[in-house]
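K.L.:
show me the folded form of this:
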Amino acid sequence: MPPPPAFDIGVLVAGQPLAGVGVLPGYQQTIYLAVGQTFELDSTGPVAWTVVVGGASVPESGATIDYGGATIQEVLTTTTHFAANTWAFAPLIAPVQVTLYATSLLDASQVATINLI
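P.N.:
This next block holds a predicted model:
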């Protein structure tokens, strides 16, 4: 029998909660954003956030990530909160995907995946 979920992640886009979205360990959620929107991920338990763009991990928190014509700037990273701004200087020619992994600090086998498009 699997252990109970160590956390649940809620999502806010442009300051508004996304109804019906709660990301649990072992699950994957895709969130669609318009360039220029902010997003926040709030976890009910302590997690380590890993940001992956183009197949590569972004090593530090507080990073500004330029990828595919979009810029994502981390503005707050704690064990229960991840927030970032997005923007682009020109229209994007293709969607850009950023993947965030939330790994429980209480049980490293519990990982949730959030794809931001």
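K.L.:
any chance you could map the strands in this structure?
P.N.:
Counting by DSSP state E, the segments of the chain that form strands are 9-13, 16-17, 28-31, 39-43, 47-53, 56-58, 64-67, 70-77, 81-87, 98-104, 111-116.
K.L.:
got TSV for those strands, with distance to P2 too?
P.N.:
The way it works is simple: take the backbone N, C-alpha and C, and place the C-beta from them, glycine included. Formatted as TSV, the strands of the chain follow (distance: least, C-beta to C-beta, whole Å):
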stretch	distance to P2
strand 9-13	18
strand 16-17	27
strand 28-31	16
strand 39-43	19
strand 47-53	18
strand 56-58	26
strand 64-67	33
strand 70-77	28
strand 81-87	25
strand 98-104	13
strand 111-116	13
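K.L.:
which among those is found nearest to P3?
P.N.:
Nearest to P3 among those is strand 98-104 (9.6 Å), distances taken as C-beta to C-beta.
K.L.:
can you pull the contacts of the closest residue to W49 other than its chain neighbours?
P.N.:
Once flanking residues are discounted, W49 sits nearest to F82: 4.9 Å by C-beta to C-beta, 6 or more residues apart in numbering. Listed by C-beta atoms under 8 Å, 6 or more residues apart in numbering, the contact set of F82 reads E40, L41, W49, E74, L76, L100, A102.
K.L.:
what sits opposite F82 in the beta ladder?
P.N.:
For F82, the beta-bridge partners are L41, T77 (DSSP bridges).
K.L.:
from A90, how far off is it?
P.N.:
Relative to A90, F82 is positioned 26 Å away (C-beta to C-beta, to the nearest Å).
K.L.:
what do you get for T103?
P.N.:
Remark: distance between T103 and A90 (C-beta to C-beta) = 35 Å.
K.L.:
the more surrounded of these two?
P.N.:
T103 (18 against 7; other C-beta atoms under 10 Å).
K.L.:
OK, contacts around the more buried one?
P.N.:
With contact set as C-beta under 8 Å, 6+ apart, T103 has these partners: V47, A48, T50, Q110, V111.
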